[in-house]
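Participant: With the input below, show me the fold.
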Amino acid sequence: MFAFLGEEDLLVEEAIAQVVDAHLPPEERTLGLDRLYADEVGIDEILVRADTLPFFGGERVVVVRNVDRLPAASQDRLAAYLEAGPPPTVLVLTATALDRRRRLYAVLRRVAEVREFGRMDTKGLVRELTRRAQGLGKRLAPEAAQALVGRAGPSLRALVHELGKLAAYVGDRAEIGLEDVLEAATSGAEVSVFRLVDAIAEGDTPQALRWLNSLLTTEHPVGLVALIASHFRALLVTQALGCRASPERVRAALGNRAWQYRHYLAQLDRMGDADLPAAFEALREADLALKTTTLPPRVVLERLVVRLGRLTSWPSGSPA
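Facilitator: Next up is the predicted model:
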């Protein structure tokens, strides 16, 4: 019996596939493999399927996803069933966030092979992408791996998809480099924010508003303000570093954004003597307005973009 817990759904799916491959040949999966969603079928159906013997000998595999979405009483019934002895099937349970204080978690730790797939941080994602690139016969340069995480975001599934595209893009070349990522990887929200701030820095408010409109189709307004604020913090750090900082200092100060150091310098150069502290005040007020006023979020953000443009497009934040 197996329990795969955590938010990295790609790793969970791969672990399930390994179990199925180990216990059922492809020709036996039509009758020998059950795939259930706990929140759709309920505990009675789960227990019936788990307790059903194989039709023609051999093994049956029953995969039950989302057991953490079962009501508490149903989770307790499942725990009692598992404590009574191993089921006659190969039972695989998955959960995103199973309450560790409940009986079911304690029982699974005793009777099942439990694997936990928590959300990876940036370092973990870089390591995982580097490993998978080797499996594709490629070397992923460290700065390329960091750039890819910055571009495609924290979803391992999306990152692996982009890695496959990059491996095809470089063809026979053994290494995937930074320029390959910049040229071929799909841009995520962080890159769109970079372009939005670029337009602000250049005084191109209409273009900045177009980038804002694009971002609002995928990003929550409060989260979008946080993304813009994060970008301005990186600019402030870059401003403090200056244009001659050593690679070691840049990495220590900017972390996984270090690969964008030169781009940040160029952006700051276009901003001239920008009033970055005032920009942070504008961002703080926009965040507060989104949480406390009845103004439409789009209006709040459009006003923010216009205000940032006035602060960053002229020397000392003063309009010409």
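
Participant: Run through this protein and note the low-pLDDT ranges.
Facilitator: The model of the chain has pLDDT under 70 over residues 153, 186-192, 256, 313-320.

Participant: Farthest out from the centre of it, which residue is that? Tell me.
Facilitator: Going by CA atoms, centre = their mean, the residue of the chain most distant from its centre is Phe56, 42.7 Å out.

Participant: so what's the backbone phi/psi at that one?
Facilitator: Its backbone dihedrals place Phe56 at phi -130, psi 40, with angles given as degrees, to the nearest 10.

Participant: how close does it get to Leu36?
Facilitator: 21 Å (CB to CB, to the nearest Å). For every residue, glycine as well, the C-beta is placed using N, CA and C.

Participant: ok, now Glu45?
Facilitator: Using CB to CB, we find Glu45 at a distance of 7 Å from Leu36.

Participant: more neighbours, these two?
Facilitator: Set side by side, Glu45 and Leu36 show unequal neighbour counts under other CB atoms under 10 Å, the larger going to Leu36 at 18 against 14.

Participant: what sits against that one?
Facilitator: Taking CB atoms under 8 Å, 6 or more residues apart in numbering, we find Leu36 in contact with 45-46, 49, 62-65.

Participant: so it is in which element?
Facilitator: Assigned by DSSP states H and E, Leu36 belongs to strand 33-37.

Participant: same question, Leu93
Facilitator: When elements are assigned from DSSP H and E, Leu93 belongs to strand 90-95.

Participant: chain center to that strand, what's the gap?
Facilitator: The chain centroid and the centroid of strand 90-95 are separated by 24 Å under CA atoms, centre = their mean, to the nearest Å.

Participant: Roughly how far does the residue lying closest to Glu302 once chain neighbours are set aside sit from Leu290?
Facilitator: Spatial nearest neighbour of Glu302, excluding adjacent residues (CB to CB, 6 or more residues apart in numbering): Leu209 at 6.3 Å. Computed as CB to CB, the Leu209 to Leu290 distance reads 17 Å.

Participant: who touches the residue nearest to Tyr105 when sequence neighbours are not counted in this structure?
Facilitator: Spatially, and ignoring its direct neighbours in sequence, Tyr105 is nearest to Leu98 (5.2 Å; CB to CB, 6+ apart). Residues in contact with Leu98 (CB under 8 Å, 6+ apart) are 5, 67-68, 104-105, 108.

Participant: if you set the cut-off to 10 Å instead, what comes out?
Facilitator: The neighbourhood of Leu98, defined by CB atoms under 10 Å, 6 or more residues apart in numbering, consists of 3, 5-6, 67-68, 75, 104-105, 108, 114, 116.

Participant: List just the nearest of those residues to Ala199.
Facilitator: Within the set of the contacts of Leu98, Gly6 lies nearest Ala199; the separation is 38.7 Å, counting by CB to CB.

Participant: check which helix or strand covers Lys123.
Facilitator: Mapping Lys123 onto the secondary structure by DSSP H and E places it in helix 122-135.

Participant: Contacts for the helix or strand just after that helix, please.
Facilitator: As assigned by DSSP H and E, the chain's next helix or strand after helix 122-135 is strand 139-140. If you take CB under 10 Å, 6+ apart as the criterion, strand 139-140 is touched by 126, 129-134, 146, 148, 163, 166-167, 173-177, 180-181.

Participant: Against which helices or strands is the following helix or strand past strand 139-140 packed?
Facilitator: If you walk from strand 139-140 toward the C-terminus, the next helix or strand you reach (DSSP H and E) is helix 142-152. Contacts of helix 142-152 with other secondary structure elements, assessed using 3 or more CB pairs under 10 Å, 6 or more residues apart in numbering; DSSP states H and E, are made with helix 122-135, helix 156-170, strand 175-176, helix 178-184, helix 189-201, helix 247-254.
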